[in-house]
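Trainee: take this sequence and fold it.
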Amino acid sequence: MIKKISFAFFLFISTFFFACGQEHKDAQNWLEKFNNAGQATVVLNNEKALLPLKKLEIKTIASIDLGYKYHSIFDSILNKYADIKTFPLTKDLNALNADLKFFNTIIIQVTDSTEFNDEILFFINQMENTRQVVINYFGEGKNLAKLNNVKAPIVFSPVKDQQAASFSAQLIFGGVACLGRLPISFSDKYQRNTGFDIDRIRLQFTVPEDLNINANDLKAIDEIAAEAIRNKATPGMVVFAAKDGKVIFNKAYGAHTYDTDAQKESVNDIFDLASITKVGATTMEVMHLYETNQLDLDTTIDTYLAQARNTDKADIKVKELMLHQAGFIPYIPFFSAIKPDDFSRDSSEVYNVKVADNYFMKKSYFNDVMWKQMLASPLKTRGKYVYSDLSMYFMKEVIEQITKTPLQNYVKTNFYNPLGMSSTGFNPRYRFTKSEIVPTELDTYFRKTLLMGYVHDQGAAMVGGVSGHAGLFSNASDLAILFQMLLNRGEYGGDRYFKPEIVNFFTTKYSELSRRGLGFDGFDSKSTYGYPSKFASSQSYGHTGYTGTCVWVDPKENLIYILLSNRVNPEVNNKLSTLNIRPRIQDVIYKAIQNARN
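Mentor: The predicted structure follows:
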């Protein structure tokens with residue numbers, strides 16, 4: 001039976017990913033054991049440099065437990081880097097072989113207690129001949145010689161605690177570096193001083209003490225989160241922070257809703273990112289098209305959009321859309337114009353645009369109504385900064401005209417899949433269960449239902465859940481991968497996605513009319529509180545989302561900060577902003593970093 005591990009399920013998570021809520025001594029103890037495990041771990045048989053795993057977009061990965069005590073911990077860490085399906089211990093290897101027919105990469109966990117009989121060795125050999133295999137050996141190595149004929153990489157860990165499970169899992173994806181060598185000889189093949197170096201190429205999951213930050217200095221985040229929930233600013237949230245490529249805080253608070261029996265929040269929960277879509281999807285594609293000379297920011301949009309010709313939108317330049325300086329009104333309440341014959345409760349050839357459960361729009365509605373409304377909308381502030389969703393509606397049409405590819409497919413193929421962002425994408429209800437997705441608003445005025453996995457933004461919903469300004473969903477750690485790539489100036493996991501100068505060009509303040517870069521929001525020197533934080537540097541860039549989300553990168557501190565919430569549940573309120581919850585939590589992180597220097 002295939003099983004997908006839930007990160008919040010295991011108690012150990014509270015001492016690992018949630019370490020910032022523990023005592024400083026506990027975090028130090030965890031780090032000491034983690035480092036000890038790292039020093040003892042050795043990579044064997046890696047002549048072909050298969051480790052760390054790369055080209056995740058073409059890998060279908062399964063993890064098989066052949067008797068490892070901490071397999072749950074090991075598998076849960078693997079899932080931080082890619083979509084891993086796990087298989088429990090089974091004696092019927094023939095049935096297991098059949099279950100693996102759709103997987104091309106197999107990770108096998110073995111120990112000193114694993115019975116390396118002919119059947120097991122034949123199974124490993126069979127996997128090697130048809131797939132890429134990685135073996136994780138936990139134990140003293142008394143059976144290591146039985147793997148002499150194995151050509152697959154072996155991650156050998158003589159340490160047998162939880163930290164060893166975490167280190168080995170991270171090592172497979174390059175979340176940690178490894179320099180270990182065998183201390184003794186185990187066979188003619190596995191001789192003393194044998195081993196291969198592994199570089200760190202992806203995010204590492206650790207504790208604050210790994211960067212000399214005291215976990216106790218981050219406990220104020222708990223208090224601010226509790227304040228937000230107590231004041232019903234949001235029923236729950238996930239807070240994430242990574243510095244120097246190391247995740248030092250990843251904690252969930254509250255629940256999916258305010259109901260007493262509501263599902264508790266998990267760090268793996270998937271949220272509606274709202275306007276983070278503008279940078280997490282649309283801007284990514286714009287950057288790629290710009291770098292590959294397929295898109296000119298100074299070209300007018302009528303070059304790409306025939307419908308814009310003979311309108312007052314014709315001479316708007318692409319960069320004006322990206323800077324919110326095109327003169328558009330902030331938004332159009334498209335849903336208010338819906339007529340009874342524009343939607344149906346059942347799908348059909350005519351009504352095939354799914355807006356929510358039992359709600360389908362006409363397939364022609366966008367072209368017949370919404371697009372015409374946007375083309376006819378007034379331009380009131382041309383040449384001034386006015387934040388408008390319409391800019392990204394137009395931007396989506398421009399880039400899809402160039403690529404001949406839907407936005408959701410383009411970013412998935414070029415970014416999310418190769419980066420290992422398995423939770424990120426549009427319309428998550430097609431890929432995940434309701435329990436994995438945090439519900440947003442109880443929509444009483446449009447769709448008449450609690451929105452779970454359908455985009456909160458009405459306009460984005462009316463075009464099938466995919467728009468240039470809204471519709472993207474993700475969990476915190478997946479979103480962090482994308483922004484760590486940007487913080488790395490375009491590189492992640494051993495692959496380059498952008499040239500460094502492209503990242504700098506788009507994320508740097510571009511216009512004197514606003515604080516913004518191209519697509520990205522930025523540091524606001526005029527903010528009374530401090531935007532995005534009292535302590536953020538002027539190099540900061542990111543975006544916020546209407547549903548109660550934000551992601552901020554500060555290159556000066558090499559820092560990523562993410563907060564995901566569903567503040568619109570059960571209905572829209574503005575307490576998350578009036579209480580300054582997002583910037584105050586970010587302040588705590590900066591203060592902890594500053595204290596570490598004193």
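
Trainee: ok, the residue nearest the centre of the chain to Ile84 distance?
Mentor: In the chain, the residue lying closest to the centroid (C-alpha atoms, centre = their mean) is Asp478, at 1.5 Å. As judged by C-beta to C-beta, to the nearest Å, Asp478 and Ile84 stand 14 Å apart. For the C-beta atoms, the positions are set from N, CA and C on the backbone; glycine is no exception.

Trainee: over to Asp346?
Mentor: As defined by C-beta to C-beta, Asp346 lies at a distance of 38 Å from Ile84.

Trainee: comparing those two, which residue is more hemmed in?
Mentor: Neighbour count, other C-beta atoms under 10 Å: between Asp346 and Ile84, Ile84 has more, with 24 against 8.

Trainee: for that one, grab phi and psi.
Mentor: When read as degrees, to the nearest 10, the backbone of Ile84 gives phi -110, psi 130.

Trainee: one step back: which SS class is the residue lying closest to the residue nearest to the centre of the chain once chain neighbours are set aside?
Mentor: Distance criterion C-beta to C-beta, 6 or more residues apart in numbering; nearest residue to Asp478, sequence neighbours excluded, is Met421 at 4.3 Å. Following DSSP: H, G, I helix; E, B strand; the rest coil, the label given to Met421 is coil.

Trainee: can you tell me how far Met421 is from Lys33?
Mentor: According to C-beta to C-beta, Met421 and Lys33 sit 30 Å apart.

Trainee: between these two, which is the more surrounded one?
Mentor: Met421 (26 against 17).

Trainee: now for the more buried one: which residues touch it?
Mentor: With contact taken as C-beta atoms under 8 Å, 6 or more residues apart in numbering, Met421 is in contact with Phe415, Ser474, Asp478, Leu479, Ile481, Leu482.

Trainee: of those - the most surrounded one?
Mentor: Neighbour counts for the contacts of Met421 (other C-beta under 10 Å) peak at Ser474, which has 28 neighbours.

Trainee: is that residue in a bridge, and if so with what?
Mentor: Judged by DSSP bridges, the bridge partners of Ser474 are Phe271.

Trainee: now it: how far from Gly542?
Mentor: Noted for Ser474: a distance of 14 Å to Gly542, by C-beta to C-beta.

Trainee: got it, and Tyr454?
Mentor: Per C-beta to C-beta, Tyr454 is found 25 Å from Gly542.

Trainee: ditto for Tyr430
Mentor: From Tyr430 to Gly542 the distance is 28 Å (C-beta to C-beta).

Trainee: with Val239 instead?
Mentor: For Val239, the distance to Gly542 equals 15 Å [C-beta to C-beta].

Trainee: tell me which of the two has more neighbours.
Mentor: The neighbour count for Val239 versus Gly542, taken as other C-beta under 10 Å, is higher for Val239 (28 against 23).

Trainee: how about the more buried one, secondary structure?
Mentor: Assigned state for Val239: strand (three-state reduction, three-state DSSP).

Trainee: strands of the stretch 201-350 of the chain, start to end?
Mentor: Under the criterion DSSP state E, counting those that start in this stretch, the stretch 201-350 of the chain contains strands at 204-205, 236-243, 246-254, 271-272, 343-344.

Trainee: run the chain-centre distance for the second one.
Mentor: Using C-alpha atoms, centre = their mean, to the nearest Å, the distance from the centre of strand 236-243 to the centre of the chain it belongs to is 12 Å.

Trainee: what helices or strands is that strand leaning on?
Mentor: Here strand 236-243 touches helix 220-230, strand 246-254, helix 476-487, strand 559-565, helix 581-597, going by 3 or more C-beta pairs under 8 Å, 6 or more residues apart in numbering; DSSP states H and E.

Trainee: which positions in the longest one come out as buried?
Mentor: So the one you mean is helix 581-597. Using 16 or more other C-beta atoms under 10 Å as the test for burial, helix 581-597 gives 581-593.

Trainee: my guess is Asp269 meets Ser435, correct?
Mentor: No: shown here, Asp269 and Ser435 do not form a contact pair, counting by C-beta atoms under 8 Å, at 9.2 Å.

Trainee: can you report how many residues lie near the closest residue to Val568 other than its chain neighbours?
Mentor: If the residues on either side of it in the chain are set aside, Val568 comes closest to Glu441, at 4.4 Å by C-beta to C-beta, 6+ apart. Number of residues near Glu441 (other C-beta under 10 Å) recorded here: 21.

Trainee: okay, Glu441 and Tyr454: tell me how far apart.
Mentor: For Glu441, the distance to Tyr454 (C-beta to C-beta) stands at 10 Å.

Trainee: so how far is Phe506 from the closest residue to Gly522 other than its chain neighbours?
Mentor: Once flanking residues are discounted, Gly522 sits nearest to Arg515: 4.6 Å by C-beta to C-beta, 6+ apart. Distance, Arg515 to Phe506, using C-beta to C-beta: 14 Å.

Trainee: which of the helices and strands packed on strand 236-243 sits closest to Gly175?
Mentor: Nearest to Gly175 among the helices and strands packed on strand 236-243 is strand 246-254 (9.1 Å), distances taken as C-beta to C-beta.

Trainee: between the two ends of stretch 338-357, how far is it?
Mentor: Start-to-end span of stretch 338-357 (C-alpha to C-alpha, to the nearest Å) is 17 Å.

Trainee: list the buried residues of that stretch.
Mentor: Buried-residue list, stretch 338-357, by 16+ other C-beta under 10 Å: Ile338, Asp342, Phe343, Ser344, Tyr351, Val353, Lys354, Val355, Ala356.

Trainee: burial measure for the closest residue to Gly67 other than its chain neighbours, as a count.
Mentor: For Gly67, ignoring the flanking residues on the chain, the nearest one in space by C-beta to C-beta, 6+ apart is Thr114 at 5.1 Å. Residues lying near Thr114 (other C-beta under 10 Å) number 20.

Trainee: next, Thr114: phi, psi?
Mentor: phi -60, psi 130.

Trainee: from Asn125, how far off is it?
Mentor: Thr114 sits 15 Å away from Asn125, going by C-beta to C-beta.

Trainee: and for Thr283?
Mentor: On the measure of C-beta to C-beta, Thr283 and Asn125 end up 48 Å apart.

Trainee: again, but for Leu144
Mentor: Computed as C-beta to C-beta, the Leu144 to Asn125 distance reads 16 Å.

Trainee: contacting residues for the residue in the chain sticking out farthest from the centre?
Mentor: No residue in the chain sits farther from the centre than Asp188, which is 44.0 Å out by C-alpha atoms, centre = their mean. Listed by C-beta under 8 Å, 6+ apart, the contact set of Asp188 reads Asn148.

Trainee: hang on, it in a helix?
Mentor: No: read with three-state DSSP, Asp188 is coil and lies in no helix.

Trainee: make CSV from the helices and strands packed on strand 236-243 and add mean pLDDT and distance to Asp210 to it.
Mentor: CSV is the format used below for the helices and strands packed on strand 236-243 (pLDDT from 0 to 100; distance: least, C-beta to C-beta, whole Å):
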stretch, mean pLDDT, distance to Asp210
helix 220-230, 98, 18
strand 246-254, 98, 6
helix 476-487, 98, 16
strand 559-565, 99, 14
helix 581-597, 98, 11
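
Trainee: among the ones you listed, which is nearest Lys80?
Mentor: Ranking those by distance to Lys80, with C-beta to C-beta as the measure, places helix 476-487 first at 5.8 Å.
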